[in-house]
Each structure stands twice: as structure tokens, then as C-alpha cells.
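K.L.:
my questions are about this predicted structure, shown below with the sequence.
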Amino acid sequence: MRKTILSLLVVIIGQLVYAQSEQEAINKDVWLNFMEAYENKDASLFNQIHTDDVLRISPDRNTIHIGQEYKDRNLETFNRWNDRKVKQKIEFSFLSRSQKRDWAYEVGIFKLTRHSGTQSQSYYGKFHVTLKKVSGIWKIFIDSDTNENNSISETDFQQGEPLNY
């Protein structure tokens with residue numbers, strides 16, 4: 001009986017350690033790079049965290065962009081930010097995070113803060129992403145976000161689990 005309980009504990013602890021290490025890998029591969037890309041306006045880094053066949057869904061605009069089309073739009077957007085010398089920071093707060101083998105699904109709130117001179121303004125949205133591990137690296141496979149008619153706020157952001165970095 002003791003061996004059975006001990007074996008069960010070893011399996012449970014092993015699964016928890018594996019899940020924790022995978023979550024850390026997702027944070028490192030995706031979310032920390034996402035934040036760095038936004039702050040440094042680095043389109044190349046931003047595109048690297050997405051699969052080549054990424055599906056980007058924008059319900060607020062009724063648009064879908066796929067693969068290279070999406071990555072090309074990112075280059076244009078980041079170039080525009082660089083030309084305008086945009087100063088910004090993005091943060092993430094998670095409502096749910098699940099992972100199995102080489103797939104993960106995460107839902108959360110983002111907070112994008114843009115600075116102009118002495119003023120700053122924050123924008124919020126709810127995101128849903130499906131992540132896929134490609135050659136040992138986590139990447140965004142499906143990305144969708146919405147501001148739900150501008151109803152997402154700091155209160156929603158505070159209700160999630162912040163990304164610790």
C-alpha cells in the first residue's frame with residue numbers, strides 16, 4: 001500500500017514539475033519575446049514567435065490573416081511605429097492556461113501602454129491563443145483578441161494572473 005501511494009505521489013509531482021517547466025518555456029519562448037518585440041518595435045522577433053501558418057483573427061474588424069500575409073502586415077505596422085518613434089509597453093494577465101503535449105491554449109487580458117511626451121494611455125483587450133511547439137520552441141499558432149466594444153479595463157487586467165518576469 002505504501003509503495004502504491006509513494007508511486008502515485010511521484011507521478012503527480014513529476015507531472016506538476018513538467019507542467020511548471022512547460023509553462024516557463026511558454027513564457028520564455030512566447031510572452032517575454034512578445035513583450036520585448038513590442039517595446040523595441042522588433043518585427044523580426046515578433047514574427048519569430050508565430051508559426052509559419054499562423055492564423056490571426058480580429059473579431060472586432062471581422063478579419064482573418066494567415067501565415068506570411070500576417071507577418072508582412074506586422075512588418076508594416078512595426079515600421080510605422082519605428083517611423084513615429086512610438087514608445088510602448090505590453091503586459092499580460094492570464095485568466096486560464098492549459099497545456100497538453102505540444103499544444104497549449106491561453107486566455108487573458110493584455111494592457112498596451114503608449115507614451116507620448118509626459119502623457120501615457122493604456123489600451124486593453126482579451127486574447128485567446130493556441131500555441132504549438134515547433135522544433136522544441138513554443139509559438140503562436142492561432143491568435144485572436146478583442147476589446148469587446150471597449151469594455152475591457154484595468155479591472156479585468158487585475159483579475160487575471162500577471163506574467164511574472
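P.N.:
Alright, I've got the coordinates. Numbers count the residues shown, from 1 in each chain.
K.L.:
next, name the residue at the spatial heart of this structure.
P.N.:
Centroid-nearest residue in the chain, with Cα atoms, centre = their mean: residue 31, separated by 4.9 Å.
K.L.:
ramachandran angles for residue 163?
P.N.:
Main-chain dihedrals, residue 163, degrees, to the nearest 10: phi -70, psi 120.
K.L.:
do the same with residue 28
P.N.:
Per degrees, to the nearest 10, the backbone of residue 28 is at phi -70, psi -50.
K.L.:
from residue 40, how far out is it?
P.N.:
Shown here: residue 28 relative to residue 40, a distance of 17 Å by Cβ to Cβ, to the nearest Å. (Glycine included, C-beta is placed from N, CA and C.)
K.L.:
export the helix or strand containing residue 110 as PDB, just CAs?
P.N.:
Using DSSP states H and E, residue 110 sits in strand 103-116. Backbone C-alpha positions of strand 103-116 (Å, rounded to 0.1, in the frame of the first residue of the first chain) are rendered in PDB as follows:
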ATOM      1  CA  TRP A 103      -0.200  22.200 -27.600                       C
ATOM      2  CA  ALA A 104      -1.400  24.900 -25.300                       C
ATOM      3  CA  TYR A 105      -4.400  27.200 -25.000                       C
ATOM      4  CA  GLU A 106      -4.300  30.500 -23.100                       C
ATOM      5  CA  VAL A 107      -6.800  33.200 -22.400                       C
ATOM      6  CA  GLY A 108      -6.000  36.500 -20.800                       C
ATOM      7  CA  ILE A 109      -6.100  40.300 -20.800                       C
ATOM      8  CA  PHE A 110      -3.400  42.500 -22.300                       C
ATOM      9  CA  LYS A 111      -2.500  46.000 -21.400                       C
ATOM     10  CA  LEU A 112      -0.800  48.100 -24.000                       C
ATOM     11  CA  THR A 113       0.500  51.400 -22.700                       C
ATOM     12  CA  ARG A 114       1.700  54.000 -25.100                       C
ATOM     13  CA  HIS A 115       3.800  57.100 -24.100                       C
ATOM     14  CA  SER A 116       3.800  60.400 -25.700                       C
END
